[in-house]
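J.: Compute the structure for the input listed below.
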Amino acid sequence: MSNSAQQHPYFRKEILLTTKHNKTALIAPAFHEQLEITVVEHFADTDVLGTFSGEIERTLPAGQSAIAKAKLGLEETGRTIGMASEGTIGADAGIGFMNSDVEILALVDIERGIEILERYRSFDITAAKSIASPGQNLEEFFRLADFPNHRLIVRPSKGVSTKVLKGLATADAVFKAVNICSTESDDALAIIESDLRAMHSPSRQKNIAQAASLLAARVLSQCPDCKSPGWGKVDVEKGLNCSDCDTPSEFAVKRDIYGCVSCPHREPGEQLAKFASPAQCVICNP
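T.: Next up is the predicted model:
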């Protein structure tokens, strides 16, 4: 461990992790490696802020939801430094025909008045969904859903029933769930889909661990001005000329802007490119 790490305000501190879905083993190693931080798990009903399966609607953006979860744990325990995570899985915002998983991990420090967030976006996520009827052959769906490595959820296809059967780990359990839910559905069908809760989704677990590595590295990085933890990318500077026609493009990223979560200090990063791609040009690609 370097001398600079040992001088860090979080060196060998305890940080609370508020979770309902067994995320500690995914997140703790990165923080121990960087600063010998001990991550202390706090179980809380974070489903009150929304669920993947939709019984409770999410009303906050993912980043704000992660912050709210962290604050919930701090309020319940009286601690001052805490973390929580939130994932968003579905059609990717940039490439709509592909599913992506965006994992956000937030650290809240009440005493310092700072909130540090990091995001990890991955296309490596198993998120399958289909309609099933009683007695239907589900072998192909099981293959696409990487079942039983990834567990499943079954619910009625239509109607007012709120029944949701989760964490299904055997084919027999899935078939029984389809029978039950189809009888409560207006169209006698059931929805069968991936259980995206962290403890039942190995592909999501890998992405949460990657988000933890990013946040741990950012927490380690201190502001060159005020020394607050959390120095990192806060914005981008756009504006490059097209490499083909020399027309200015307002969409092309020229460089990243780095900043502090505690004070106004900002610094430009190195220039990332000299020219914009013709794909980002309003003349070459109108």
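J.: Quick check: what element follows the helix or strand hosting Met83 along the chain?
T.: Using DSSP states H and E, Met83 sits within strand 81-91. Following strand 81-91 in sequence order, the next helix or strand is strand 99-109 (DSSP H and E).
J.: Report the mean confidence score over that following strand.
T.: Mean per-residue pLDDT for strand 99-109: 97.
J.: could I have the helix or strand of the chain with the lowest mean pLDDT exported to PDB, CA atoms only?
T.: Sorting the helices and strands of the chain by mean pLDDT, DSSP states H and E puts helix 3-6 at the bottom, at a mean of 80. Output of helix 3-6 as PDB, limited to C-alpha atoms (Å, rounded to 0.1, in the frame of the first residue of the first chain):
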ATOM      1  CA  ASN A   3       2.100   6.200   1.400                       C
ATOM      2  CA  SER A   4      -0.500   8.400  -0.400                       C
ATOM      3  CA  ALA A   5      -3.100   5.700   0.100                       C
ATOM      4  CA  GLN A   6      -2.300   5.500   3.800                       C
END
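J.: Counting by contacts, list what that helix packs against.
T.: On a contact count with 3 or more C-beta pairs under 8 Å, 6 or more residues apart in numbering; DSSP states H and E, helix 3-6 meets no helix or strand. C-beta here means a position set from N, CA and C on the backbone, and glycine is covered the same way.
J.: what element comes up after it heading to the C-terminus?
T.: Heading C-terminal from helix 3-6 (DSSP H and E), you reach strand 14-19.
J.: So for that next one, what gets flagged as buried?
T.: Applying a neighbour-count criterion of 16 or more other C-beta atoms under 10 Å, one finds Ile15, Leu16, Leu17, Thr18, Thr19 buried in strand 14-19.
J.: Enumerate residues external to that strand that contact any of its residues.
T.: 23-24, 27-28, 31, 37-44, 46, 69-70, 72-74, 76-77, 79, 81-85, 107, 198 (C-beta atoms under 8 Å, 6 or more residues apart in numbering).
J.: Poorly predicted segments of the stretch 51-200 of the chain, please.
T.: Applying pLDDT under 70 to the stretch 51-200 of the chain picks out residues 52.
J.: Export the buried residues of strand 14-19 to TSV and append columns for pLDDT and distance to Gly90.
T.: Formatted as TSV, those follow (pLDDT from 0 to 100; distance: C-beta to C-beta, whole Å):
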residue	pLDDT	distance to Gly90
Ile15	99	30
Leu16	99	29
Leu17	98	25
Thr18	97	24
Thr19	95	21
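J.: As TSV, the residues you listed with distance to His150 would be great.
T.: Shown next, in TSV, are the buried residues of strand 14-19 (distance: C-beta to C-beta, whole Å):
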residue	distance to His150
Ile15	29
Leu16	29
Leu17	23
Thr18	24
Thr19	19
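J.: which of those residues lies closest to Ala216?
T.: Ile15 (10.2 Å; C-beta to C-beta).
J.: Just the contacts of strand 14-19: which are in helices?
T.: Within the contacts of strand 14-19, residues falling in helices by DSSP state H are Thr24, Ile27, Ala28, Phe31, Lys69, Ala70, Leu72, Gly73, Leu74, Glu76, Thr77.
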